[in-house]
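Chemist: dropping the sequence and predicted coords here.
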There are 2 protein chains.
Amino acid sequence: MPALQMKRVCIIGCGAIGSLYAAHLARVAEVWAFVRREDHARALSRDGLQVSGKHEFRVPLKATTRADQIPDCELGIVATKATQVEESISAVGNRFNQGAVISAQNGLGSEEIIAAHTRGQVIRGTTFMSGTKHSDTHVQLELDTATWIGPFEPRHTPYALVKEIADLINAGGLKAEALQDARPAQWSKLIFNASVNGVSALTGLPHSPHFCDESRSSGLGHLVHELIEEGKSVAAAAGIQLHEDPWEMNKIGAMTNHPPSMLYDIRHQLPTEVDFLSGAIALEAERVGVLAPLHSAVRRLIKGKEASWTFKDENRAAEL
Amino acid sequence: MPALQMKRVCIIGCGAIGSLYAAHLARVAEVWAFVRREDHARALSRDGLQVSGKHEFRVPLKATTRADQIPDCELGIVATKATQVEESISAVGNRFNQGAVISAQNGLGSEEIIAAHTRGQVIRGTTFMSGTKHSDTHVQLELDTATWIGPFEPRHTPYALVKEIADLINAGGLKAEALQDARPAQWSKLIFNASVNGVSALTGLPHSPHFCDESRSSGLGHLVHELIEEGKSVAAAAGIQLHEDPWEMNKIGAMTNHPPSMLYDIRHQLPTEVDFLSGAIALEAERVGVLAPLHSAVRRLIKGKEASWTFKDENRAAEL
């Protein structure tokens, strides 16, 4: 069983998704968690991780904030936000020079950043699982949907290795599917996320029936649909056939009333992933020579929103 | 002097703009203020209006919340927000059946509403003056820029009457200019307002240098510029030549750091004028058979923002 060759795994970033990978893989491999907060590392080292929801168990694991304590690993999974990939992988990328690193971010662009910081194999990852982190040591598995992984083309990652890693993730109890080409899956999720997260962040609405409302001319469903169509035309121009129809994904998402991560970021005035979502679509559109005015608009509005948090507005003070 | 024929004027709505019209006209005519709040009417009847800033004076005037107390008038100026025109003019429109009514709203569409409620003449008004209302009885005149007035075409308002009314406003100390065709001025302001107010409301930024920033691909100046170009192409398709270039207006506005009214509305969760701004451009685009995807997007995002205030988001409660 090839998966058993994976002796040591490092999970970089332990939010909900990172914690789920760490806990499940700790059942079949030696797992290190590389995190930013000292108290987070201490709690994980002391208590391990408790999983609830679809699965129920507790496992011990090793955790640290210090890059120099991370040993060489056969596998890394970068599970930070897209905006934190550069900072985190630059510290530990060379620990995977003999192994492989999976990106688990939303959007496009993380693989290129990872590849710049490791000589190991790079694997495109797109995950549809979801969870809620109740504390630093307790994560709830909600949707145990698959993680799709495939080669990062510029590095010619061997498919056999992708398959071996999928086997390891499956052995740990999560679902993974190895794909010859991970771009159709990644782009499906990209277009869905870029279209819906931007609209959510700008309106303050979570995934909700408004996102499918095409009953009136002013309905938000028209805009979400137009954003998705624009994304599909960029994908087509880039030669990518989609794995799933993002509009169908939106119809399902709209029933959940779940706040997407970008809405959370806006509410808490945190940097958003917009450069990796609508920004990535706009950049790709430019590269392949098609137009993406709506995704460009969303990108610019979100960047403007981020700028508003620090803009000194003298009239505002007077008004309040 | 024809202006002296104007014996009685009613100002409908006394925010900053309405108060400025009421106070200045009260120096040359009998002025009634028709307002919504009982305490507002009482304060105006008791104390009159104090003007400060560019002009300094105090005048008495009559004010009421009761439509049945308003006598027949030679002139009405509707100075409410666009969203309140219907409610206010429907109550008193017939008092102007022998006179004329000026619209002083942002955007398009108020004239049609006014015309539906009076048999009098209707006059397109576009004002560039600005002020700050310090209290119900004190308004500061900031920019004493002109109000442009002209015929409302469907009613064939005589230009001589427009001229007479401009003379009256000038006699009161404010600036007014009579135009044979008021649409070029109204559309210039419409395109400027629709483009900038929407971006401001969605980002939280007041008129600020960001709105001219075209130095980076993610700069908001690109979006404002594209919205303005889209508006100009709709105006051109509708056969309207602009009076001023809205992009030049934006370059001046961007130096003020002034919060536009739609940003105020969003901050206070009040209904916005978006249907009369980007919504009006989108509607006109549809009528003349051209596309306005960006103004449609702004309209739908703002309507979504308004919907978010009452949307029951169960996950939000859990998160906080």
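Modeler: Done, it's in.
Chemist: enumerate the residues of the stretch 201-320 of chain A near chain B.
Modeler: The stretch 201-320 of chain A comes close to chain B at residues A:202-206, A:208, A:210, A:217-220, A:222-223, A:226, A:257-259, A:264, A:275, A:279, A:282, A:286, A:293-294, A:296-297, A:299-301, A:303-305, A:307-308, A:311, A:313-316, A:319, as judged by C-beta under 8 Å from any C-beta of the partner chain. For glycine as for every other residue, the C-beta is placed from the backbone atoms N, C-alpha and C.
Chemist: can you say which of the residues you listed are buried?
Modeler: If you count burial by 16 or more other C-beta atoms under 10 Å in any protein chain shown, the buried members of these come out as A:202-206, A:208, A:210, A:218-220, A:222-223, A:226, A:257-259, A:264, A:275, A:279, A:282, A:293-294, A:296-297, A:299-301, A:303-305, A:307-308, A:311, A:313, A:316.
Chemist: just those residues: which are in helices?
Modeler: Of those, the ones assigned to helices by DSSP state H are A:202-203, A:220, A:222-223, A:226, A:264, A:279, A:282, A:293-294, A:296-297, A:299-301, A:303-305, A:307-308, A:316.
Chemist: tell me the pLDDT at the nearest residue to A:Lys133 once chain neighbours are set aside?
Modeler: Nearest residue to A:Lys133, sequence neighbours excluded (C-beta to C-beta, 6 or more residues apart in numbering or on different chains): A:Ala16, at 4.4 Å. On pLDDT, A:Ala16 comes in at 95.
Chemist: what about A:Ala16, distance to chain B?
Modeler: 13 Å (C-beta to the nearest C-beta, to the nearest Å).
Chemist: let's verify the spatially closest residue to A:Pro151 that is not a sequence neighbour: helix, strand, or coil?
Modeler: Distances taken as C-beta to C-beta, 6+ apart put A:Thr157 closest to A:Pro151, at 3.8 Å, once the chain neighbours are dropped. Secondary structure assignment for A:Thr157 (DSSP: H, G, I helix; E, B strand; the rest coil): coil.
Chemist: what residues are up against A:Thr157?
Modeler: A:100, A:121-123, A:151 (C-beta atoms under 8 Å, 6 or more residues apart in numbering or on different chains).
Chemist: could you confirm A:Ser52 falls within a helix?
Modeler: No - using three-state DSSP, the assignment for A:Ser52 is strand, not a helix.
Chemist: is it in a bridge, and if so with what?
Modeler: A:Gln140 (DSSP bridges).
Chemist: any idea how far chain B is from it?
Modeler: Counting by C-beta to the nearest C-beta, the gap from A:Ser52 to chain B is 16 Å.
Chemist: tell me how many other residues surround that residue.
Modeler: 15 (other C-beta atoms under 10 Å in any protein chain shown).
Chemist: contact partners for it?
Modeler: A:Ser52 touches A:134, A:138-141, counting by C-beta under 8 Å, 6+ apart.
Chemist: the helices in chain A, which residues?
Modeler: Ranges of helices in chain A, per DSSP H, are A:16-25, A:38-47, A:85-92, A:110-115, A:159-172, A:183-203, A:220-237, A:246-253, A:261-267, A:278-288, A:293-308, A:314-319.
Chemist: flag every buried residue along the fourth one.
Modeler: Residues of helix A:110-115 classed as buried: A:110-111, A:113-115 (neighbour count, 16+ other C-beta under 10 Å).
Chemist: list the contacts of it.
Modeler: The contact list for helix A:110-115 (C-beta under 8 Å, 6+ apart) reads A:78, A:82, A:85-86, A:89, A:93, A:101, A:103, A:122, A:124, A:152, A:154-155, A:276.
Chemist: buried only: go through those residues for me.
Modeler: Among these, those classed as buried by 16+ other C-beta under 10 Å are A:78, A:82, A:85, A:89, A:93, A:101, A:103, A:122, A:124, A:152, A:155, A:276.
Chemist: chain neighbours aside, what residue packs nearest to the fifth one?
Modeler: Put plainly, it is A:Gly93. A:His117 (3.2 Å).
Chemist: got the phi and psi for the one you found?
Modeler: Dihedral angles of A:His117 (phi, psi; degrees, to the nearest 10) stand at phi -120, psi 0.
Chemist: so who does it touch?
Modeler: Contacts of A:His117 by C-beta under 8 Å, 6+ apart are A:89-90, A:93-94.
Chemist: relative to chain B, how far out is it?
Modeler: Taking C-beta to the nearest C-beta as the criterion, A:His117 is separated from chain B by 24 Å.
Chemist: okay, which residue is most central for chain A?
Modeler: A:Gln105 (2.4 Å; C-alpha atoms, centre = their mean).
Chemist: for the nearest residue to that residue once chain neighbours are set aside, give its distance to A:Gly279.
Modeler: Residue nearest to A:Gln105 in three dimensions, not counting chain neighbours: A:Ala82, with 4.2 Å by C-beta to C-beta, 6+ apart. Distance of A:Ala82 to A:Gly279, given as C-beta to C-beta, to the nearest Å: 10 Å.
Chemist: kindly report the same for A:Arg155.
Modeler: For A:Arg155 relative to A:Gly279 (C-beta to C-beta), the value is 23 Å.
Chemist: thought A:Asn250 was touching A:Ser195?
Modeler: Yes - using C-beta atoms under 8 Å, A:Asn250 is in contact with A:Ser195, at 7.2 Å.
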